[in-house]
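# I would like the atomic coordinates for the input below:
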Amino acid sequence: MSADPSDLTRRFYAARAAGDLDAVRAFLAPDVAWQEPEVGGHMGLLRGAEAVIDMIRRAQAATGGSFRLAVTGTLATGSHCAALIAWSAARDGRLIEGRELAVLGWHDGRIVSAQFHPENLADDRAFWGEA
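Model prediction:
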């Protein structure tokens, strides 16, 4: 497996796009610290690979499987990758599209930390019924 954080990040998101949760799990350190913005009742600070997998499942269920993510650019150091992510989802007949900055920390081919910074948090909150 390549140790390049940009390549690993793209492969991780490809596994998510394919809906392959076993492949997604293989990219997550067992004790990963995953920080999403606190919106939608399925976000916030998640600890551990199973918590992240559960969040992905809940997001897919809440959007009828329409939640999509795509890496549009990356910048990497030896241990981290900042990725610009374009995303979209439909819920209750409403489509929302956005972008976020994902900062993934990598060690031995696994994500050990993740922080997500949305371009427009107000749209996220409105989509999840929190506005």
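# for the rest of this, base every contact and every neighbour count on C-alpha atoms.
Fine.
# residue farthest from the centroid of the protein?
In terms of distance from the mean C-alpha position of the chain, Gly93 ranks first, at 22.7 Å (CA atoms, centre = their mean).
# what are the contacting residues of the biggest strand by length in the chain?
In the chain, with assignment by DSSP state E, the single longest strand is strand 94-107. Applying CA atoms under 8 Å, 6 or more residues apart in numbering, the set of residues contacting strand 94-107 from outside is 5, 9, 79-90, 111-120, 123, 127.
# tell me which residues in it are buried?
Gly98, Arg99, Glu100, Leu101, Ala102, Val103, Leu104, Gly105, Trp106 (16 or more other CA atoms under 10 Å).
# got the residues you listed as TSV, with distance to Asp54 and pLDDT columns?
Formatted as TSV, those follow (distance: CA to CA, whole Å; pLDDT from 0 to 100):
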residue	distance to Asp54	pLDDT
Gly98	22	90
Arg99	22	94
Glu100	21	94
Leu101	21	97
Ala102	19	98
Val103	20	98
Leu104	19	98
Gly105	20	98
Trp106	21	98
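# tell me the helices in the chain, going along the chain?
Applying DSSP state H to the chain gives helices spanning 5-18, 21-27, 49-62, 121-127.
# could you list the low-pLDDT ranges of this structure?
For the chain, the stretches flagged by pLDDT under 70 are 1-2, 40-42, 127, 130-131.
# so Thr74 makes contact with Leu84?
Yes: judged on CA atoms under 8 Å, Thr74 makes contact with Leu84 at a distance of 6.3 Å.
# surely Ala15 meets Arg25?
No: using CA under 8 Å, Ala15 is not in contact with Arg25, being 9.4 Å away.
# wait, which of the buried residues of strand 94-107 is closest to Ala70?
Among these, Arg99 lies closest to Ala70 (CA to CA), at 9.4 Å.
# list the residues that contact Leu45.
For Leu45, counting by CA under 8 Å, 6+ apart, the contacting residues are Ala33, Trp34, Gln35, Glu36.
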